[in-house]
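**Q** Can you look at this prediction? I've put the sequence above it.
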Amino acid sequence: MCLIYKACLNLQSGSGGALCSTECRSSPVCKFITYLLDSYCTLSFYLSSACCKEPSTPPSPLWAVSYPQQTVVECLHLFLKPHLPALLASVKHQLTGLKSSAGVVMFNLRQVQMYQLSRLLHDYHRELYNHFEEHEICPSLYAAPWFLTLFASQFPLGFVSRIFDFVFAQGTEVIFKVALCLLSSHEGEIVECDGFESIVDYLKTTLPNLTQTQMEQTIAKVMEMDISKQLHTYEVEYHVLQDEMIEAGPLPDDSDRLDKLEKTNTQLKKQNMDLLEKLQAARQKIQTLETSVENFLSRESKMKHTIRSLEQERAAHQKTIERMRSCLPPDALTDVEMTQIKTGPNGKAKTAAKKP
């Protein structure tokens, strides 16, 4: 509506045959209006009647390419001239009446629309919805420009003109359909993005670069889709949730919340200091135990080394004894064994008891 309003103001400022200045005719507004009118046969036929002496059939839809731009704008002015006063009066009246509350109304409307789009993704494309939730990407990050400009800020002009046609014919429900179709057709590529920045960059730069085939497929899906009941349900659901939040009572004052946060912070700091002291004591105890374990391991290693040395020495002594035994005669070996029998545990010879 804003573009049409500006275009009407530009057209109404003309006089005589020169309806717009050269600067106005080269402005994006005039070019955009001229492009949008390519699909309307009524104006095409009117242009043909104005430029041809004996028009028989309406000209080609691409009439804006066949005729000078000044002629197109003049015919547009002639076509809209009877309706301009009522149109401008209605627009001015609405702007005057809504100026004070327009910001609040638009904000609330935008919140409802973002909630509806989020619920549509939740119900129809759960994997994509979970992927957005995992990376904390809300619809307002990427879809707000779509709703504010009817996709004109990022998408090709030909695609935008088709959306305008659907909006005039079916209402704002078309915006949800187009957004849902665009996201669903690129769901695989979006899920492959593994970061917040990469997802947002894909939605803002890669997704709007549609080919002609993708445009036609999107428009076909939009024509087949019907989500009016779901949108109404989601709108009612949003308002019910808002009413429940209001009935829950106002939030505490910021000062009270700040005092509570400060008290909680003080308690947490005290607990943190206590835990740090306990942690330091535990670390010292662990260090002492580790030192003790190292000492025990060192002593154990020394004792094992001593045991191995004694075992080797014992084995050497046993071999020496065996060699000495092999060198002694049998009689001497018998005397040695008898001597060992008579020797006590302490290595001293036993004294035989005297008989009475």
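**A** Structure's in. What do you need? Residues are numbered from 1 along each chain as shown.
**Q** next structured bit after the helix or strand harbouring Gln242?
**A** Using DSSP states H and E, Gln242 falls within helix 228-247. Per DSSP H and E, the first helix or strand lying C-terminal to helix 228-247 is helix 254-327.
**Q** in the helix holding Gln242, what's buried?
**A** Going by neighbour count (16 or more other Cβ atoms under 10 Å), the buried part of helix 228-247 is 230-231, 234, 238. For the C-beta atoms, the positions are set from N, CA and C on the backbone; glycine is no exception.
**Q** who does that helix touch, helix- and strand-wise?
**A** If you count contacts as 3 or more Cβ pairs under 8 Å, 6 or more residues apart in numbering; DSSP states H and E, helix 228-247 packs onto helix 102-124, helix 173-185.
**Q** I'd like to know which elements the first one is packed against.
**A** In this structure, helix 102-124 packs against helix 126-134, helix 139-142, helix 144-149, helix 173-185, helix 228-247, with contacts taken as 3+ Cβ pairs under 8 Å, 6+ apart.
**Q** what's it in contact with?
**A** By Cβ atoms under 8 Å, 6 or more residues apart in numbering, the surrounding residues in contact with helix 102-124 are 98, 128-129, 132, 138-140, 143-144, 147-148, 175-176, 179-180, 183-184, 227, 230-231, 234-235, 237-239.
**Q** Among the residues you listed, name the buried ones.
**A** Buried members of the contacts of helix 102-124, counted by 16+ other Cβ under 10 Å: 128-129, 132, 139, 143, 147, 175-176, 179-180, 183-184, 227, 230-231, 234, 238.
**Q** Between helix 173-185 and the helix holding Gln242, find me the angle.
**A** Going by axes from the mean of the first three to the mean of the last three Cα atoms, to 10 degrees, helix 228-247 is angled at 100 degrees with respect to helix 173-185.
**Q** residues making contact with helix 228-247?
**A** 111-112, 115-116, 119-120, 123, 173, 176.
**Q** Dump it to PDB, keeping only the CA atoms.
**A** The C-alpha trace of helix 228-247 is given here as PDB (Å, rounded to 0.1, in the frame of the first residue of the first chain):
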ATOM      1  CA  SER A 228      -6.300 -20.700   7.000                       C
ATOM      2  CA  LYS A 229      -7.700 -22.900   9.800                       C
ATOM      3  CA  GLN A 230      -4.200 -23.400  11.300                       C
ATOM      4  CA  LEU A 231      -3.400 -19.700  11.300                       C
ATOM      5  CA  HIS A 232      -6.700 -18.900  13.000                       C
ATOM      6  CA  THR A 233      -6.000 -21.600  15.600                       C
ATOM      7  CA  TYR A 234      -2.500 -20.300  16.200                       C
ATOM      8  CA  GLU A 235      -3.700 -16.700  16.600                       C
ATOM      9  CA  VAL A 236      -6.300 -17.800  19.200                       C
ATOM     10  CA  GLU A 237      -3.600 -19.800  21.000                       C
ATOM     11  CA  TYR A 238      -1.200 -16.900  21.100                       C
ATOM     12  CA  HIS A 239      -3.800 -14.600  22.600                       C
ATOM     13  CA  VAL A 240      -4.800 -17.200  25.200                       C
ATOM     14  CA  LEU A 241      -1.100 -17.500  26.200                       C
ATOM     15  CA  GLN A 242      -0.900 -13.700  26.500                       C
ATOM     16  CA  ASP A 243      -4.000 -13.600  28.700                       C
ATOM     17  CA  GLU A 244      -2.600 -16.300  30.900                       C
ATOM     18  CA  MET A 245       0.600 -14.400  31.300                       C
ATOM     19  CA  ILE A 246      -1.300 -11.200  32.300                       C
ATOM     20  CA  GLU A 247      -3.500 -13.100  34.800                       C
END
